[in-house]
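Colleague: please work out how this folds:
(one chain, ligands or ions: 3)
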Amino acid sequence: MVQLEDGTVRQCFPRGKKAGPAVGDRVLVAVAGEEGSIERIEERKNLLYRSDEMRTKQFAANVDRLLIVVAPEPEFSDELVGRALVGAWSAGVEPHIVLNKIDLPSAEGARERLKTFRHLGVPVHETDATNVSATRETLLPLLRDRCSLLLGQSAMGKSTILNALVPDARAHTQPHSQALGAGRHTTTTTRLYTLPEGGDLIDSPGFQAFGLHHLEPEDILRGFPEFKEPTSECRFYNCSHRHEPGCGVLAALQRGDITPERHALYERLLAENEARRTY
Ligand SMILES: Nc1nc2c(ncn2[C@@H]2O[C@H](COP(=O)(O)OP(=O)(O)OP(=O)(O)O)[C@@H](O)[C@H]2O)c(=O)[nH]1
Ligand SMILES: [Mg+2]
Ligand SMILES: [Zn+2]
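Modeller: Ligands and ions are numbered 1, 2, ... in the order given. Predicted coordinates:
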């Protein structure tokens, strides 16, 4: 679906067989009546991918900010937040965390668990998406004139946040238990909405895994900005920061400047990348 300059939306078909357009792309279209064809994809600022064991899929293009939405209930996964951060940093996208459902008493525990990400310098914003005016006050300044993507596990409240910010969106939302009963996520497609105040917001289906199989070792390293300074002290120029003597990253880990969880995630991602190469 392509939004034309006059704001109307048309169904347009991509030309050619190569990997086609992703949500967030700017495209040149030839319109004929109710339909059209995509003639060209403009150069991208960046491109986010999502992958599983089977394949890597284009996810969204030209995203300025990744809003990782978490909530106390259902409980969010640290592993998924950590992976989403790596995905953002490696693609050159600015990550933010949105702690939603702060009206629930269990919010305090979630706030505590987010400390580790706060220490990495990731801004954390807090919302109760059922409080529309407060949510708008918190998030609208962040979204103006930028393209932002809502990402997170199912039932964290992404579509509820979208509805608070874009009243015309009327995206479908439902409680977690019902979503599980139906055996799928409430939101099933990735879609871009334009904010009346300026800026774009993309809603996406909840994820249970955030595969980063497509990342090469140098991309993975970009996903760990806190490793950057310590790597300048590594004895070997091709140090993998796993077991080499004189490794600055391992020294920082010893000192407690890098957390064991982050280093373990780094090792897992490298191992996943190596497993893929042996196919
Ligand atoms: N108490 C409370 N409930 C919320 C809040 N935000 C969302 N909810 C509820 O949480 C449930 C899930 O919200 P959705 O917006 O559908 O979640 P989602 O992240 O879009 O889920 P998927 O589309 O499956 O990925 C709904 O029943 C919402 O009403 C909040 O801030 N506080
Ligand atoms: Mg949704
Ligand atoms: Zn090293």
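Colleague: wait, a helix at residue 266?
Modeller: Yes - Residue 266 sits within a helix when classified using DSSP: H, G, I helix; E, B strand; the rest coil.
Colleague: touching, it and residue 225? I think so.
Modeller: No - proximity of residue 266 to residue 225 does not meet the contact threshold set by C-beta atoms under 8 Å, at 11.8 Å. All C-beta spots, glycine's among them, are computed from the backbone N, C-alpha and C.
Colleague: between those two, which is the more surrounded one?
Modeller: More crowded of residue 266 and residue 225, by other C-beta atoms under 10 Å: residue 266, with 23 against 13.
Colleague: and stretch 121-140, which residues are buried?
Modeller: 122, 126, 127, 128, 129, 134, 135, 136, 138, 139, 140 (16 or more other C-beta atoms under 10 Å).
Colleague: got a list of contacts for it?
Modeller: Residues outside stretch 121-140 that contact it (C-beta atoms under 8 Å, 6 or more residues apart in numbering) are 85, 95-103, 107, 111, 114, 117-118, 142, 157, 160-161, 163-165, 195, 197, 225.
Colleague: repeat that with 7 Å
Modeller: Residues from elsewhere that reach stretch 121-140, judged by C-beta atoms under 7 Å, 6 or more residues apart in numbering: 85, 95-103, 114, 118, 157, 160-161, 164-165, 197.
Colleague: and stretch 268-278, by the same measure?
Modeller: For stretch 268-278, the surrounding residues in contact (C-beta under 7 Å, 6+ apart) are 86, 212, 213, 215, 216, 217, 220, 240.
Colleague: most widely separated two among those residues?
Modeller: Greatest spatial distance among those (C-beta to C-beta): 213 and 240, at 17.8 Å.
Colleague: who's more crowded, the two?
Modeller: More crowded of residue 213 and residue 240, by other C-beta under 10 Å: residue 213, with 18 against 15.
Colleague: wait, isn't that one in contact with residue 54?
Modeller: No - using C-beta atoms under 7 Å, residue 213 and residue 54 do not qualify as a contacting pair, with a distance of 9.7 Å.
Colleague: got a list of what residue 150 touches?
Modeller: For residue 150, the contact set (C-beta under 7 Å, 6+ apart) comprises 67, 69, 158, 161, 162, 201, 202, 203, 204.
Colleague: and residue 230, helix, strand or coil?
Modeller: Assignment for residue 230 (three-state DSSP): helix.
Colleague: swap that for residue 29, sorry
Modeller: Using three-state DSSP, the structure places residue 29 in strand.
Colleague: and the closest residue to it other than its chain neighbours, bridged to which residues?
Modeller: Using C-beta to C-beta, 6 or more residues apart in numbering and skipping the chain neighbours, the partner closest in space to residue 29 is residue 36 (4.5 Å). With beta bridges defined as DSSP bridges, residue 36 has these partners: residue 12, residue 31.
Colleague: ok, now how distant is residue 36 from residue 8?
Modeller: As defined by C-beta to C-beta, to the nearest Å, residue 36 lies at a distance of 11 Å from residue 8.
Colleague: of those two, which one has the most company?
Modeller: residue 36 (17 against 9).
Colleague: so how far is ligand 2 from that one?
Modeller: From residue 36 across to ligand 2, the span is 28 Å (C-beta to the ion, to the nearest Å).
Colleague: next: residue 85.
Modeller: 21 Å.
Colleague: that residue contacts residue 97, correct?
Modeller: No - if you go by C-beta under 7 Å, residue 85 and residue 97 don't touch, sitting 8.6 Å apart.
Colleague: give the contact list for residue 156.
Modeller: Contacts of residue 156 by C-beta under 7 Å, 6+ apart are 69, 70, 71, 76, 100.
Colleague: how about those, which pair is most distant?
Modeller: Taking C-beta to C-beta, no two of the contacts of residue 156 sit farther apart than 76 and 100, at 9.6 Å.
Colleague: neighbour-wise, which of the two wins?
Modeller: Taking other C-beta under 10 Å, residue 76 and residue 100 do not tie; residue 100 has more neighbours (27 against 22).
Colleague: I am finished for the moment; much appreciated.
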